[in-house]
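>>> What follows is a predicted structure for the sequence shown.
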Amino acid sequence: MIGSYATRELFGFLTGPIIDNLLSARLTVVDRDRDGSVDDITSGVDQDGYGDQNIALALRFTPTDDIEINLRGNDREFSRVISSAQGAGALVVSEFSGVRDEITGGQRNTSARVFGFREIDPTVPCRDQMDRRNPMCQVRGLHTFEFNLNGNTKLAQRVVPGIDAVSNGTAVRTLRSVTTRPLPIAPTSATAPACRASTATT
């Protein structure tokens, strides 16, 4: 069978005795292929295509009139280029323009409790994760990222869910699409001064 997107499906089988009245077999072969339906303008490999090959062999052994033994083996290979897994197919190749998970180092971030960044001033420490008397204070223990925004260096930390609103995080709006590198974790000294509201300017 043939169809759109270069779809091709082949099906065939072969059956018959190997040894009369003792051993017979059935071989079934299925092969399906289809090109992708989403054009990939980068790699040239269309998205949402698939290939499926399935081979099955069945044996029937009848040593006596009262005994019948059936065996079946199957080998299948399936491959698919999935575009929907990344939302927009080849257009989405990484999260936050390649910013890796700061804990696992992976391309797909699985450590962040919520996505988004908040611009910070490293000279102004927060008392704890909930302290935002100065909205640009640096939370101790959270990774700090350095952003190059049109030649200007900005520092930011991930927003804390339930504490940082998107409207309060400058980095959420302006730093999302630039490359970053993680900086050392903020110091954890218990004697760090409290946030000073007059220190940072936006």
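Looks like it came in fine.
>>> the strands in the protein, which residues?
Secondary structure of the chain, counting by DSSP state E: strands at 2-3, 7-19, 23-34, 50-61, 69-80, 117-119, 144-149, 152-158, 180-183.
>>> List of residues touching the fourth one?
So that's strand 50-61. Under the contact criterion CB atoms under 8 Å, 6 or more residues apart in numbering, strand 50-61 has outside partners 22-34, 68-81. For every residue, glycine as well, the C-beta is placed using N, CA and C.
>>> With the third one instead?
Outside strand 23-34, the residues that touch it by CB under 8 Å, 6+ apart are 3, 5-18, 49-62.
>>> Please, a ChimeraX command that selects the buried ones among these?
Here the buried members of the contacts of strand 23-34 are turned into a ChimeraX selection, burial being counted by 16 or more other CB atoms under 10 Å:
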select :49,58,60
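>>> So, low pLDDT: which residues of this protein?
Per-residue confidence for the chain (pLDDT under 70) gives these ranges: 40-45, 81-99, 166-202.
>>> ok, now with 80
Applying pLDDT under 80 to the chain flags residues 37-48, 80-100, 102-103, 106-109, 111, 113-116, 148-150, 165-202.
>>> per-domain residue ranges of it.
2-90, 94-195 (automatic domain parsing).
>>> So which of these is the most surrounded?
With neighbours taken as mean count of other CB atoms under 10 Å, the domains of the chain reach their highest mean count in domain 94-195, at a mean of 16.
>>> What sits closest to residue 12 if chain neighbours are left out?
The spatially closest residue to residue 12, leaving aside those adjacent along the chain, is residue 29, at 5.1 Å (CB to CB, 6 or more residues apart in numbering).
>>> Look up how far residue 46 lies from residue 78.
Plainly put, residue 78 is 17 Å away from residue 46 if you go by CB to CB, to the nearest Å.
>>> sorry, back to before: right, and the strands of the chain - which one's nearest residue 111?
Among the strands of the chain, strand 152-158 comes nearest to residue 111, with 9.3 Å by CB to CB.
>>> Tell me which strands that closest one pairs with, and in which orientation.
Each strand pairing with strand 152-158, determined using DSSP bridges, is listed with its direction: strand 117-119 (antiparallel), strand 144-149 (antiparallel).
>>> Columns distance to residue 127 on top of those, output as TSV?
Conversion of these to TSV gives the following (distance: least, CB to CB, whole Å):
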stretch	distance to residue 127
strand 117-119	16
strand 144-149	17
